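Asker: Sequence first, predicted model second:
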Amino acid sequence: MNYKVYDLNVMPKLSPYQASIDRERAWVFLPALGAHLAQAPVLRWDLMPVLKRPISSRLFGENKTWRGALVMTTGTVAATIALHHLPAYRRRLSPSVAAADPARVGLRLGFAVWIGELPNSFVKRRLGIPPGAQRRSLGGVVISVVDQADWVPAAWLLLSPVLRMRPSEAARVAALVAAVHVPINIIGYAIGARTAPL
C-alpha cells in the first residue's frame, strides 16, 4: 500500500512583492493608534462628561458614546496629519495615499475606527454580553478575537477611494491590527482606561 507523505512544515509564503504591498497597506493604518492615545486619558479621568451620551443604548450599549466617536476620530486625524509631515512615513505609503490630503484620509480612518466597532457591539448586546464583559466559552473567545480588529472592514470600505485592497490583503492587515491591539488593550486595562484586558 502506498502512502502520501505531507510536509506539515511547508507553509505558503508571500512573495517579496506581496510583502512590500502588505507593508504599504499596514502603514496606512498606523494613525489609528491616535484614537486610542486620545481616548485613554478621556476614559481614565472621565473628561468631557457632557458628551458621554450613548449613540444608542438599546442597540450598542452604554459604552459606545458620542464622546468616544469624537475623541477617536480627532485622535486619528491628528495622528494622520502629524505622521504625514514625516518624509520617512510618507515613503512607506502607497503613492495614492501619500498624494492624498492627510486630513481626509485621517477622517475616513477615524470614522472607521468607531463605526466599525458598532456591528460587533450590536451582536454582543443581542447575545446578552454586557459592555466590557466576556463570555468564558469558545464563542466568547472568537468574539474577543474579532473585537481586536472589527473596524478594519469599515476602514477597507471607507479608504477605498485612495487605497485598494484585495480581500486577502485586508485579512492580513486585520491579523496584524489584532496582534497590535491586544497589548494596547492590556496597557489600557493596567492604567484604568478599560474594564477588561481584552
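Answerer: Everything's here; your move. As the structure is a prediction and not an experimental result, all values here were calculated from the model. Numbering: from 1, shown residues only.
Asker: all helices for the chain, in order.
Answerer: Taking DSSP state H as the criterion, the chain carries its helices at 16-29, 33-45, 57-60, 66-84, 87-90, 95-98, 102-115, 118-126, 138-147, 152-158, 167-190.
Asker: how much does the second one deviate in direction from helix 167-190?
Answerer: Relative orientation of helix 33-45 with respect to helix 167-190: 20 degrees, computed using axes from the mean of the first three to the mean of the last three C-alpha atoms, to 10 degrees.
Asker: pLDDT weak spots in the protein?
Answerer: Per-residue confidence for the chain (pLDDT under 70) gives these ranges: 1-21, 193-198.
Asker: hmm, try it at 50
Answerer: For the chain, residues meeting the criterion pLDDT under 50 lie at 1, 3-11.
Asker: related to what we said a few turns ago, with mean neighbour count and distance to Leu51 as added columns, please give the helices of the chain in a markdown table.
Answerer: Bear in mind the C-beta positions are built from the backbone N, C-alpha and C, glycine included. Shown next, in a markdown table, are those (neighbours: other C-beta atoms under 10 Å; distance: least, C-beta to C-beta, whole Å):
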| stretch | mean neighbour count | distance to Leu51 |
| --- | --- | --- |
| helix 16-29 | 16 | 26 |
| helix 33-45 | 18 | 9 |
| helix 57-60 | 14 | 15 |
| helix 66-84 | 21 | 4 |
| helix 87-90 | 12 | 31 |
| helix 95-98 | 15 | 30 |
| helix 102-115 | 22 | 13 |
| helix 118-126 | 16 | 17 |
| helix 138-147 | 14 | 23 |
| helix 152-158 | 20 | 22 |
| helix 167-190 | 15 | 20 |
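Asker: Serialize those helices to JSON lines and add fields for distance to Gly132.
Answerer: Shown next, in JSON lines, are the helices of the chain (distance: least, C-beta to C-beta, whole Å):
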{"stretch": "helix 16-29", "distance to Gly132": "24"}
{"stretch": "helix 33-45", "distance to Gly132": "11"}
{"stretch": "helix 57-60", "distance to Gly132": "13"}
{"stretch": "helix 66-84", "distance to Gly132": "13"}
{"stretch": "helix 87-90", "distance to Gly132": "33"}
{"stretch": "helix 95-98", "distance to Gly132": "34"}
{"stretch": "helix 102-115", "distance to Gly132": "16"}
{"stretch": "helix 118-126", "distance to Gly132": "10"}
{"stretch": "helix 138-147", "distance to Gly132": "11"}
{"stretch": "helix 152-158", "distance to Gly132": "21"}
{"stretch": "helix 167-190", "distance to Gly132": "10"}
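Asker: which residues does Leu37 contact?
Answerer: Residues in contact with Leu37 (C-beta atoms under 8 Å, 6 or more residues apart in numbering) are 75, 79.
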